[in-house]
Every structure is written in structure tokens, then in C-alpha cells.
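what's the 3D shape of this:
(chains A and B)
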Amino acid sequence: MAWWLVVLLKSALLLFVVVTSFAYAMLAERKVLGWMQLRPGPNRVGPWGLLQPAADAAKLILKEDLTPQTADPLLYKLAPFISLLTAFAVYAVIPFGSSASGTWAIGNVNAGILLILAITSLGVYGICLGGWASGSKYPLLGSVRSTAQMISYELAMSLSLIGVLILAGTTSLDGIVHAQARVWFVLPQFVACVIYIITAVAETNRAPFDLVEAETELVAGFHTEYSGLRFGLFFIAEYVNMLTVSCIAALLFFGGWNAPFGLHFVPGVVWFILKVACFMFFYIWLRATLPRLRYDRLMAFGWKVLLPVATLNLIVTAVVVAYKG
Amino acid sequence: MSSQKRLYNVAAILRGLSITFGFMFRKRPTIQYPSVKKQHAPRFHGLHELRRYADAKERCIGCELCSSVCPANAITVIGAENSPQDRRSPGERYAARYEIDELRCIFCGMCEEACPTDAIVLTPRFEMADYRRGSFIYDKDQLLVPPDAGAGPAPNERPGGIPGDLGRVAEIKATADVEKGYDATWRGTILKTQRKGLTLLK
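Below is the predicted model:
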């Protein structure tokens, strides 16, 4: 087969997989949140509510697409697509299995993690422009918050990842996972892992760091004015970003497709998906447990705790690697 | 914030996480309403019903006590004289019009407390949803039980009609038709039968 056909087929398949996992991640979130609040969660559409995502999609598609009079029409319409495209684009370089088999990633880029960081950073434009272009107060406040929050937490996030890169000696995701064949980086880089998980929650605007869309203060934050399909796109982008950061956590700290306890007879993809699923559950679990932080505390935590600790971790890692290597 | 307090915060977060995790496996108290229905208390205050005597005569004598006691002004009664040819109720008068606006009604049960003949009672029926406001004004045709629907206990054969006769109460409780709501007024009716001394017209 021509290489471009392979890429096309892989992309289509991956798109399908990611959209499906988004749909069921959303259902799982509503179910798990329900269980944790002693409710059954959605159970009306299909057996155990399994067709709920289809019903939601139909609802969102059929809803009226409103544009406020004060909105900047072009940016307002563009913003959800920026969010969605950046969210999806990341999957071009995320490997679901070892590159030795050659089939589990669309592109095996030698600077994969840098590319991911670069693309996810662009995602803030969707939120930021969407909030600003709505021409309304609450979305503007939401997008101002998102700019500050996502930029300040991205620093600590990147710093926490550099420790892993130093240990692995490569920026290729494939190489990083191969470097974890014996011991997962969560052990030598435990502090970095904790910092990464915290910042990842903030980066994806999830509770308890969901100040960008704080319902109690900002109606719905940056997407207050959006309705119908455009709101749906933001919604998809948020969940796909959750999946992305879960994938990165699994790849960089939890050995990617490496099997734990020598259980090698299970295919690596299954382990990878299992690890990502655990992270997704953890996100939902956090949302069910923790109340939203106050804005100044969020910023203080990011700049005064996470950033110094991440820097310290980086320095210690660098020194240790320099002495041993 | 001291470093000790920060550590305490982490412990608190972990405790919170363990609590929510534990809740996931608890028994959920949800009743799957449309498919599973809760058994209401026998005296649940639901939709009204106008009852009849065993000979199919209407109990309502058009006295309008219910409409004057109604705190929500939901009841409209217009009484008319019975004629010898057409005796609707055993009394002198009957209700020519009897309407309850169920949207105004607060289901307090004052009407059944006030009714001297136990004509108006609240049944346990509560699923009254409809698409139009107008359909919530229940007229006499909708409120009155059909003549063959059964009369329910008469005032003098009330559960507890003879105070202290617990065997009788238990017997009537056992045969009470919960679905039709005929046992909806036990406490109120004890007082009323004693006060009014009404008897069943055979």
C-alpha cells in the first residue's frame, strides 16, 4: 500500500477510536459521578444507558446554533474548531504500541513529546479566542482565567516532563517507553509524576481546577454563549484533551505499553488502554471529590509550589544523571 | 500556611478520595420511578375524588364547606336543590357544579376534613401531568366515582368508628382499597362521625 493510504486509514481509524472513547468517557464520567453521589447515572437510553452518547450527539446537532450580536463572527465560529483540531492533532504522534511492530502509531516523530507540548499549547487559543469573541462578560472572564491558568501550569508541566526526558535521553515517545522496559519512570520521577498529574488537571480545565468554566461564578465560562454543535466541539475537545494527558502520563510515567509484573502474554495495546482508562477514572474521581480552588490560591499553588518543586526535581535529576552517567 | 498544615491537606484529600471511592459501591436509594413505583402511605394526599353511597347516591350535599375552608381557593361548588323526581344525594341539596383547580390545590386535605359527609377525599393518585393548564380544572364528571365503582366505608363503618374497637380497625385496614384511596381519611372521619352522627342511607 502507498504510505499515504496507510496514514489515511490509520488516521480515520484513530479518529473513530478517539471519538468513540470520548463518547464513552463522557458516559463513564456521568455514571461514575452518579455512583459516587449514590445516583444510578444515565440508564434510560439503551441497556445501562449505553446509547446515551448517541442521544446526546443527536441533541447537540439538532440544537440551534446561536451567535450573539456582539460577537466577532469569524473568531466566534473558528474558536471551537481550533480547540478540536489541536486536541485531535496530538494523536498523530501518540504511539499505542511499540514501533518495532510498526503499526501502532501514525507518525513516530523523534521529538514527539515536544510536538505534543507545542500542539496542546495551541489549544488555549480556542478557549481564549472563543471567550473573547463571544462579546460577553462571563466568557471573557473565563478566557482571561484560562490564559493565566494554562500558561502558568504549562511551565510546571513542561519542567516535570524534562526530568523524564533526561532519564530517557530522548524526546521520542517510542524511545521514552523503551527506556522504561525495566522500571517505570513513576518510581525515579515520583515527584515529577505527581506534579504532572496535578498540572494536567489544570491544563485540561477539570475540577478542582475548572475555574475557566466555573459554573457557580461564570455561568459556563468561556463557552457560555456557545450552543448546539459548537458547544459540542468544545466539549469533545475537553474530553479528548483529558485522553491526551492521560496518554502522556501513561507513556512517560507508567511504561506505556510495557506490561507490569511480567504479564507479557497480554498485548501491549491492552496495557496502554488500561493505563489510560485508569487515569480517566482518576480524573472523574477527583471531580467527584474535590471542590473548586479559589483563583488566587490556584495561581499561588502553581507559581509558589509546583514550579519551584518541579525546578528542584529537574536539578536533582540532572545532577544525579550527570554523576552516574 | 505551614508545611505541617500542607501535609495535613494532602491527607485530607486522600481521605476525601477514599470516601468517594467507597460511595461508589454503596447501595443506591434510587427508585426507578416509571418502571418501579413506590407504595405510598395509605393516607397520601393525592388527586381528589367525590364519593358515593352504596346505593350510588352522591355523598356531596352541596354545602360548600370545602370551598370555604380551602386555603388555596381551588374549589368551586354551586349547590342545587334535590327534587323528588331526581334525588342526586340523600340530603336536601346536591352539587350542581363541583370543580377543583388542581394547579391551585396544595393538597392539604382541609376539604376532606371539613366535609360533613366524607364526599370529597384525597386519593393516593398523583400522576396528573398534562400539557394544558385547562385540563387541570377537574369538573364533577372527572371527580365523581362511577356508580359501580364501589362506595367505600360509610361514615358509621369507619375504621376506628367505634373508638377502642381495634379488631374492627384492623379488619377494615386489611380490606382497604389502597389504590382507590377509600381509606384516605381515617383520623378525620372518626371525629366527624362522632360529631355529626351521620348514618348510611339504605
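
Dump the helix or strand bottoming out on mean pLDDT in chain A to CSV, restricted to CA.
Confidence across the helices and strands of chain A bottoms out at helix A:215-218, with a mean of 77, counting by mean pLDDT, DSSP states H and E. Output of helix A:215-218 as CSV, limited to C-alpha atoms (Å, rounded to 0.1, in the frame of the first residue of the first chain):
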residue,chain,number,x,y,z
GLU,A,215,-20.5,27.3,36.8
THR,A,216,-21.1,29.0,40.2
GLU,A,217,-19.3,32.1,39.2
LEU,A,218,-19.1,32.4,35.4
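
Identify the residues contacting that helix?
A:138, A:139, A:141, A:142, A:145, A:211, A:221, A:224, A:292 (CB atoms under 8 Å, 6 or more residues apart in numbering or on different chains). Every C-beta, even on glycine, is put in place using the N, C-alpha and C of the backbone.

Which is the succeeding secondary structure element to it?
helix A:228-253 (DSSP states H and E).

what number of residues lie near whichever residue of the stretch 51-200 of chain A sits closest to chain B?
Closest contact between the stretch 51-200 of chain A and chain B, by CB to the nearest CB, is at residue A:194 (9.9 Å). Residues contacting residue A:194 under the criterion other CB atoms under 10 Å in any protein chain shown number 18.

what residues are up against residue A:319?
With CB under 8 Å, 6+ apart, residue A:319 has no contacts at all.

what about it, which SS state?
With DSSP: H, G, I helix; E, B strand; the rest coil as the basis, residue A:319 sits in helix.

Could you identify which of the contacts of helix A:215-218 has the most neighbours?
Highest neighbour count within the contacts of helix A:215-218, by other CB under 10 Å: residue A:142, with 30 neighbours.

Pull up the residues of chain A that are close to chain B.
Taking CB under 8 Å from any CB of the partner chain as the measure of proximity, chain A contacts chain B at A:32, A:35-40, A:43, A:285-286, A:288-290.

Mark which of the residues you listed are buried, thanks.
For the residues of chain A next to chain B, a burial check counting by 16 or more other CB atoms under 10 Å in any protein chain shown picks out A:32, A:35, A:36, A:43, A:285, A:286, A:288, A:289, A:290.

Of those, which belong to helices?
Among these, the members falling in helices (DSSP state H) are A:32, A:35, A:36, A:285, A:286, A:288, A:289.

possible to save these as CSV with pLDDT?
Shown next, in CSV, are those (pLDDT from 0 to 100):
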residue, pLDDT
A:32, 89
A:35, 89
A:36, 89
A:285, 91
A:286, 89
A:288, 88
A:289, 89
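
The helix or strand in which residue B:77 is found pairs with which strands?
Element membership for residue B:77 (DSSP H and E) is strand B:75-81. Applying DSSP bridges to the sheet, strand B:75-81 is found paired with strand B:93-101 (antiparallel).

List the buried residues of the partner strand.
Under the neighbour-count criterion of 16+ other CB under 10 Å, strand B:93-101 has B:93, B:94, B:95, B:98, B:99, B:100, B:101 buried.

List of residues touching that strand?
Contacts with strand B:93-101, where a contact means CB under 8 Å, 6+ apart, come from B:48, B:50, B:58, B:60-63, B:74-82, B:88-89, B:136-140, B:143-144.

which residue ranges form the strands in chain B?
Assigned by DSSP state E, chain B shows strands spanning B:48-50, B:75-81, B:93-101, B:120-122, B:137-138.

May I have stretch A:301-311 as CSV, with CA atoms only?
The C-alpha trace of stretch A:301-311 is given here as CSV (Å, rounded to 0.1, in the frame of the first residue of the first chain):
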residue,chain,number,x,y,z
PHE,A,301,-0.1,26.9,44.1
GLY,A,302,1.1,26.9,40.6
TRP,A,303,3.8,29.5,40.9
LYS,A,304,4.9,29.1,44.6
VAL,A,305,4.6,25.3,45.0
LEU,A,306,4.5,23.4,41.7
LEU,A,307,7.1,25.5,39.8
PRO,A,308,9.8,25.5,42.5
VAL,A,309,9.3,21.8,43.3
ALA,A,310,9.4,20.9,39.6
THR,A,311,12.6,23.0,39.1
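
Enumerate the positions of that stretch that are buried.
By neighbour count on 16+ other CB under 10 Å, the buried set for stretch A:301-311 is A:301, A:302, A:306, A:307, A:309, A:310.

Give me the mean pLDDT for that stretch.
For stretch A:301-311, mean pLDDT is 87.

And the contacts of that stretch?
A:149, A:152-153, A:155-156, A:159-160, A:191-192, A:195, A:198-199, A:202, A:293.

what's near enough to touch residue A:192?
Contacts of residue A:192 by CB under 8 Å, 6+ apart are A:160, A:161, A:163, A:164, A:185, A:253, A:310, A:313, A:314, A:317.

Near the fifth one, how many other residues are there?
It refers to residue A:185. Residues contacting residue A:185 under the criterion other CB under 10 Å number 22.

Is it in a helix, a strand, or coil?
coil.

pretty sure it is in contact with residue A:256, am I right?
No: judged on CB atoms under 8 Å, residue A:185 makes no contact with residue A:256 at a distance of 10.1 Å.

which residues are common contacts for the two?
residue A:176.

Please enumerate the helices of the chain.
You didn't pick a chain, so chain A it is. So, for chain A - with DSSP H - the helices run A:3-36, A:52-62, A:73-89, A:112-133, A:137-168, A:173-179, A:190-203, A:215-218, A:228-253, A:268-289, A:295-300, A:307-324.

Sorry, I should have been clearer: chain B.
Going by DSSP H, chain B shows helices at B:3-23, B:65-69, B:110-114, B:140-143, B:166-175, B:186-196.
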